[in-house]
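A.B. asks: whatever this is, show me its structure:
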Amino acid sequence: MSTRDTAVCGQFYPANPDDIQAMLEHYNEILDKHVKKGEEGVLSLKPRAVIVPHAGYVYSGFTANLALRLLANTDAKRVVVIGPSHRVYLNGTSISEFDTYHTPLGAMYIDQSLVADLKERFDLPFMPEAHHEHSTEVQLPFVKTYTPEVSVVELVYGDESPQKLAEVIEYLLADPETAVVISTDLSHYYDIRKANELDSICLDAVKKLSTAELHQGCEACGKIGVEAMLIAAKKNGLRSILLDYRTSADASGDETQVVGYMSAAFVEQ
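C.D. replies: The predicted structure is shown next:
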C-alpha cells in the first residue's frame, strides 16, 4: 500500500498530534469567545467548498481553522484538496494516486474510485514529484480532525487553465457528499498598507464571485484555483461568505514585509 508521506510536518505544523490538537483547541476557544453577537450562524454554515490559506499554522492556522471546522457541519464523505505547486513546474494538474495520505493524527484513505474517475474524465496525470506540496498538505490535519472518516483526493496544479480546473470543481460539486478545499495565500512581502490594498481586491472578487475583479490586482499565489472556484460557484448557484482576513503581521508584529491570508465559505443559496 503506497502512502503520500508528509513533506513539511514539523515545519509548517507540529509533528506531535497533541500539539496540533492544542493549537486547534486554542483557535476554537478564541472563536467561540469572540464571535460577535448575531454572527453565531457563521459557525453553523454548511459549505460545499472553502478557500483557505497554507502558511505555517502560527501565521495562518486560525484563518484556515475557521473554514475547515465548518466541514464538520456537512454531509461530506470525501474532501478534495486543490492547491498550487510551489516546488516543481507543472503543465496542468496532477492527481495523487497513492493509497493513503499520512498525517500525524493518523492516515486518511485516498478515494481511489474518485481518482480513477477524474483521471479518465479530465485526463489528469499523476506526477509524484508534485505531491510533496505544502499548500495541500497543511490542510489535512484539519480535515482529519473535523471529518475523520472522510476519504481525500489531492490535486496540485501548475500552468493550468482556470476554466479547465473549474470543470473539475463543477463535476465534484455535483455530488452533495463531496466538499472542495481551495488553497491559496494572498499578496507576499509588501508592507502592511500595500498588502491590505492588494488583498482587498481578492476579497472583493471572492465576495462578488467576480473573475474580472480578480484580474485587477489580486496577487494570490493560488489565483488559478480561486478563479476556477468562482466560475464553478456561479454555475452551481453558490454564494460566498468571507470568514477571515489577516496578515503575517498579526503573528510576527512585522508590518514591513507581510503575507496575506483569507478564508471563505461557499454555500447553497
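A.B. asks: make it CA atoms for all contacts and neighbour counts henceforth
C.D. replies: OK.
A.B. asks: now the strands for the protein?
C.D. replies: For the chain, the strands defined by DSSP state E cover 3-4, 49-52, 78-84, 93-95, 100-101, 108-109, 151-157, 178-183, 188-190, 238-247, 258-268.
A.B. asks: let me know which of those is tucked in deepest.
C.D. replies: Across these, averaging neighbours per residue (mean count of other CA atoms under 10 Å) puts strand 49-52 on top, at a mean of 29.
A.B. asks: ok, residue 185 - contacts?
C.D. replies: By CA atoms under 8 Å, 6 or more residues apart in numbering, the contact set of residue 185 is 52-55, 220-222, 259-262.
A.B. asks: quick one on the thing from earlier: and residue 136, which of the strands of the chain is closest to it?
C.D. replies: strand 78-84 (5.4 Å; CA to CA).
A.B. asks: which other helices and strands does the closest one contact?
C.D. replies: helix 134-137, strand 151-157, strand 178-183, helix 223-235 (3 or more CA pairs under 8 Å, 6 or more residues apart in numbering; DSSP states H and E).
A.B. asks: in JSON lines: the ones you listed, plus distance to residue 208 and mean pLDDT.
C.D. replies: Output for the helices and strands packed on strand 78-84, formatted as JSON lines (distance: least, CA to CA, whole Å; pLDDT from 0 to 100):
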{"stretch": "helix 134-137", "distance to residue 208": "25", "mean pLDDT": "98"}
{"stretch": "strand 151-157", "distance to residue 208": "24", "mean pLDDT": "98"}
{"stretch": "strand 178-183", "distance to residue 208": "17", "mean pLDDT": "98"}
{"stretch": "helix 223-235", "distance to residue 208": "9", "mean pLDDT": "98"}
